[in-house]
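> generate a structure from the sequence data that follows.
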Amino acid sequence: MELQLDLAAASREELIDLIYQLLERLQVQEARIADLEAQLKPAPDALGEQKPPSWVKPNRPAAPKKERKKRAHGFARRCDKPTHRVEHAFAQCPDCQVPLSGGRVSGCRQVITLPRMAARVTEHVVLERTCPQCQKRWAPQPDLREVTVGQQRVGISVQSEVVVLREECRLPFGVVQRYLERRYRLHLSVGELVALVRGVAVRGQGEYTQLQQEIRDSPAVQGDETGWRENGRNGYLWSFSSPTVRYFLYRQSRAGAVVEEVLGEEFDGVLGSDFYGAYNVYQGPHQRCWTHLLRAIHELKERHSQDAAVVAWAEGVHQVYEGAKAYAGPEPRLPATRRQAQRVKRQQQYEQELWALCQPYVKTEAPMRVLCQRIERFLPELFTFVAEPGVPADNNGAERSLRPPVVSRKISGGTRSPKGSETKSILASLFGTWRLRGLDPYQAVRRTLTGPQPAPV
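Numbering: from 1, shown residues only. Now for the predicted structure:
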């Protein structure tokens, strides 16, 4: 309905008629708004509580209040070990101008500063000298292996700084370039920065190969994968983790062939993963992630919160899992063979308890039918952690190992070439392993650049 009226020339009756039309339109709009709000606002549950819409992310439960940790030295900040000392004292008395000497400390204050410095450019000049007796010319061959790599002009200290800023701090090359210019008055092109980062990956190739061998020798490995883009095309960054190693590999495929490529034929440990089918190619023992399973059960329980059978089933599965997690193991004084036999027996008991909960719903139309079928398929791979105490029940280690590369992907958008993807895989593996082992990444990069290169396995 369109309202066209010249208010200046309108009569009193026309204005009153316009007001009634506007009021009628207002009532229509209010009714429409109320209807839309009713669609967005779900009905209250059985307890009368109003739940937010399904698309609203729920609030995180409030953390329990922790007691403040008591410090043995109070709450004063501890002083650092000083590197410089500046004494402030009067040379003479301000009143009578008499020279002063000695004195006692009446106050002390520490100030931490970062001196601004320019990059030092050292020119190594080789002088050739002639022996006056034999007339031979002698020129030394300076050994600069502790200073730079090969014939490049950029020293190891600069190269280490660039790689740490790029991989550990996840800074784009443009930001690294501006930082070096403003902090050290050093100008390096983006191409040179890329070459420096690539150089560390080349020097770390041997260590990267050793990490793969350590994964294959590990008794338990967790695998996961995430999306990665190379030159605008979708691919996958695979992660294989152990308690001491992080190993990454980029491939365009998400198939089981990548699992076979990384683990090889010699791996005979336990492979932990989610329920993705690519990991089924490994024929050895598995441990499927309980975190993924419990999350799916929780979502099902939330969707069918009014169904008492679904709620009871979900709580029963969770109780079986909690019982398996709380299992402390057999008596330590028993022989190793008997202890292992008891662990396997207890694993089978938990499998039977879980299957007793799921069997009635496998061939029905119940809401938990799909999850019960998944449990039926992977039942022998759900309680491996009971028989193998060093195996975690979840896949959280692999999930956490992927966080730094995922953050890097969100910043950079991926890589631009196969060489760049290879560089990313090597550096992510090296830095992830160094981080896991508590090593200083700057010193670790220096050792990679200056140390002997391990022979590829």
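> tally up the residues packed near the spatially closest residue to residue 130 that is not a sequence neighbour, please.
Closest residue to residue 130 apart from its sequence neighbours, by Cβ to Cβ, 6 or more residues apart in numbering: residue 137 at 5.1 Å. All C-beta spots, glycine's among them, are computed from the backbone N, C-alpha and C. Residues near residue 137, counting by other Cβ atoms under 10 Å, number 9.
> again with residue 103
9.
> equivalent analysis for residue 236, please.
Around residue 236 there are 18 residues (other Cβ under 10 Å).
> so it sits in a helix?
No - looking at residue 236 with DSSP: H, G, I helix; E, B strand; the rest coil, it is strand, so not inside a helix.
> helix or strand for residue 110, which one?
Here residue 110 sits in a region with no helix or strand, counting by DSSP states H and E.
> check contacts around it.
By Cβ atoms under 8 Å, 6 or more residues apart in numbering, residue 110 lies in contact with 79-80, 82.
> kindly recompute the last result at 10 Å.
77, 79-82 (Cβ atoms under 10 Å, 6 or more residues apart in numbering).
> distance from the chain centre to the helix or strand bottoming out on mean pLDDT in the chain, please.
Ranked by mean pLDDT, DSSP states H and E, the weakest helix or strand in the chain is helix 12-40, scoring a mean of 85. Centroid displacement of helix 12-40 relative to its chain, using Cα atoms, centre = their mean, to the nearest Å, is 53 Å.
> and that helix, what's buried?
By 16 or more other Cβ atoms under 10 Å, helix 12-40 has no buried positions at all.
> which strands and helices sit next to that helix?
Using 3 or more Cβ pairs under 10 Å, 6 or more residues apart in numbering; DSSP states H and E as the contact test, no helix or strand touches helix 12-40.
> give me the buried positions along the helix or strand residue 211 falls within.
In this structure, residue 211 sits in helix 205-217 according to DSSP H and E. Residues of helix 205-217 classed as buried under the neighbour-count rule (16+ other Cβ under 10 Å) are 206-208, 210-212, 214-216.
> with stretch 406-418 instead?
Within stretch 406-418, the residues that count as buried by 16+ other Cβ under 10 Å are 408-409, 412, 414-415.
> pull the CA atoms of that stretch into PDB?
Extracted in PDB, the C-alpha atoms of stretch 406-418 (Å, rounded to 0.1, in the frame of the first residue of the first chain):
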ATOM      1  CA  VAL A 406      45.500 -24.400  11.100                       C
ATOM      2  CA  VAL A 407      46.200 -20.900  12.600                       C
ATOM      3  CA  SER A 408      49.000 -20.500  10.000                       C
ATOM      4  CA  ARG A 409      46.500 -21.500   7.200                       C
ATOM      5  CA  LYS A 410      44.000 -18.900   8.400                       C
ATOM      6  CA  ILE A 411      46.700 -16.200   8.300                       C
ATOM      7  CA  SER A 412      48.400 -17.100   5.000                       C
ATOM      8  CA  GLY A 413      45.600 -19.000   3.200                       C
ATOM      9  CA  GLY A 414      48.000 -22.000   2.400                       C
ATOM     10  CA  THR A 415      51.000 -22.300   0.100                       C
ATOM     11  CA  ARG A 416      51.600 -21.400  -3.500                       C
ATOM     12  CA  SER A 417      53.600 -24.300  -4.900                       C
ATOM     13  CA  PRO A 418      54.600 -27.900  -4.200                       C
END
